[in-house]
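Q: next input, structure requested:
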Amino acid sequence: MKHPEWIYQAVLYEMNVRQLTPEGTLRAAQAHLEGLRELGIDVVWLMPIHPIGVEGRKGTLGSYYSIRDYCAVNPELGTLADLDAFVAEAHRLGMKVLLDWVANHTARDARWIAEHPAWYEYENGVPKVPWDWTDTAKLDYANREVWQGQVDAMRFWLTEHAIDGFRCDMAMLVPTDFWEFASTELRRTKPDLFLLAEAEERELTERGGFDAYYGWRMHHLLNDVAQQRVRIPVLRDYLRNDGFPASALRLSFTSNHDENSWSGTEHTRMGAAHDILSLFTFVAPRALPLLYTGQEIGYDHVFAFFDRDPIPHYAPNATTERYRRLIRLHREHPALAAGERGGEWVEIRNNAEDCLMILVREAAGDRVIAVMNLSPYTIQAEYDTGIYAGRYDDPFADAPYELASHVSECMAPWSYRVLTRKTDCL
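A: Coordinates of the predicted model:
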């Protein structure tokens, strides 16, 4: 599948408008765009901006994913004009904007229930509740009018409000045939449309028209490695046998809105391993890295999901600089591009392969080597570098580094070294 040219070396940012600023509005969030661009962010994914249902509402403000009207903006966040100004500023800065799209269900008091009652599944005479999401109503995809209604609503944002693509919530709960139809129809309107599935079913990228999928299995393995429930041979096996073609883009992350609110922050889940595992999400093969609101300043807080819980003080710091370097690494090195554009990966064998992973990626005259002690143990690393020996740059030390033909060194727990080299001889 041919993806938009702008996505291959992009870094995504999931923006929780409700919690990013004390105001919790699009207008206030717009003021953060320049800082995000300076950080290196290429794509801003807005969590759902639509009006939220009142019936069965959870908490004070309700779930972002209980949508009352697909073609409107939640007045708590602002107006359509505020959204247009946000998108225009993002585009001026060279960033793309994605909307979060919830195709499986609506709010229980959504416009569509009154206007198109036949578009829903029913149980005991009322719209069916999917799972335990008691503030939502399940759409009926056996009715082809639902398909067209969804496509028309999505096209509205592409044509009228210059949106660049969609992150599609729980995409596996909707028939793949619908996604195939929707992606075909929408790409007639916007050929460089980007679609991200919150799902890990291969058919969604093979047949459903999605450019990228959620790397949930990799994420859970990273949590497990941090907590030493598994060692890195399990992670290594996943990378070799994840079942997706090279062209599929894997969203890679240490946090997102679900993980933060329901499983805890990356600091809680990953502890001392957080720094190295965030690096891993940038250097892993096919990776499309993601940051969630607050990660760029190291904000260690579980956001309330249904209420206002804004970041009290937003200021760049040492964490911001670390992410700036990670993003620069990903953007400036073709070897780390997502999908088939990035370099195939090989490993340098070593004496501690249950702890030490040495990834080499090469593409387009570019080489990146990541030496990672993915364990809580101090190890005495021994390995031969063969053809990879030579002079490199260390982008985290801002210094050259000579990689010897044989390396013997003590590595602290969760420590790493990244080496880069550009050469026309690769």
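Q: assign Asn260 to helix, strand or coil.
A: Secondary structure state of Asn260, per DSSP: H, G, I helix; E, B strand; the rest coil, is helix.
Q: please look at it and Tyr292 and confirm they touch.
A: Yes. Using Cβ atoms under 8 Å, Asn260 is in contact with Tyr292, at 6.2 Å. The way it works is simple: take the backbone N, C-alpha and C, and place the C-beta from them, glycine included.
Q: mind jotting down where the helices sit in the stretch 201-350 of the chain?
A: Under the criterion DSSP state H, counting those that start in this stretch, the stretch 201-350 of the chain carries helices at the ranges 202-206, 216-226, 232-240, 257-258, 266-270, 274-283, 318-332.
Q: please identify the most buried of these.
A: helix 274-283 (a mean of 22; mean count of other Cβ atoms under 10 Å).
Q: and that helix, what's its mean pLDDT?
A: On average, the pLDDT along helix 274-283 is 98.
Q: relative orientation of that helix and helix 318-332 in degrees?
A: 20 degrees (axes from the mean of the first three to the mean of the last three Cα atoms, to 10 degrees).
Q: just give me the longest helix of the protein.
A: helix 144-161 (DSSP state H).
Q: buried set for that helix?
A: By 16 or more other Cβ atoms under 10 Å, the buried positions in helix 144-161 come out as Val146, Trp147, Gly149, Gln150, Val151, Ala153, Met154, Arg155, Trp157, Leu158, His161.
Q: name the helices or strands packed onto that helix?
A: Contacts defined by 3 or more Cβ pairs under 8 Å, 6 or more residues apart in numbering; DSSP states H and E place helix 144-161 against helix 80-92, helix 176-189.
Q: helices or strands up against the following helix or strand past that helix?
A: The first helix or strand that comes after helix 144-161 along the chain, using DSSP states H and E, is strand 165-168. Using 3+ Cβ pairs under 8 Å, 6+ apart, the elements in contact with strand 165-168 are strand 96-101, strand 194-197.
Q: pull the CA atoms of the shortest one into PDB?
A: The one in question is strand 194-197. Backbone C-alpha positions of strand 194-197 (Å, rounded to 0.1, in the frame of the first residue of the first chain) are rendered in PDB as follows:
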ATOM      1  CA  PHE A 194      -3.900   9.000   6.400                       C
ATOM      2  CA  LEU A 195      -5.800   6.300   8.400                       C
ATOM      3  CA  LEU A 196      -4.700   4.900  11.700                       C
ATOM      4  CA  ALA A 197      -6.500   1.900  13.200                       C
END
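Q: quick one: contacts of that strand?
A: 3-4, 7, 43, 45, 96, 98, 164-168, 171-172, 179, 183, 204-205, 208-214, 251 (Cβ atoms under 8 Å, 6 or more residues apart in numbering).
Q: lowest-confidence helix or strand of this structure?
A: In the chain, the helix or strand scored least confidently by mean pLDDT, DSSP states H and E is strand 344-347, which has a mean of 92.
Q: by contact count, what packs against the helix or strand just after it?
A: With elements assigned by DSSP H and E, the helix or strand that comes after strand 344-347 is strand 356-363. Contacts defined by 3+ Cβ pairs under 8 Å, 6+ apart place strand 356-363 against helix 232-240, strand 344-347, strand 366-373, strand 379-384.
Q: any idea of the angle the third one forms with helix 232-240?
A: Compare the direction of strand 366-373 with that of helix 232-240 by the same axes, to 10 degrees and you get 150 degrees.
Q: list the strands paired with strand 366-373, with their directions.
A: Applying DSSP bridges to the sheet, strand 366-373 is found paired with strand 356-363 (antiparallel), strand 416-422 (antiparallel).
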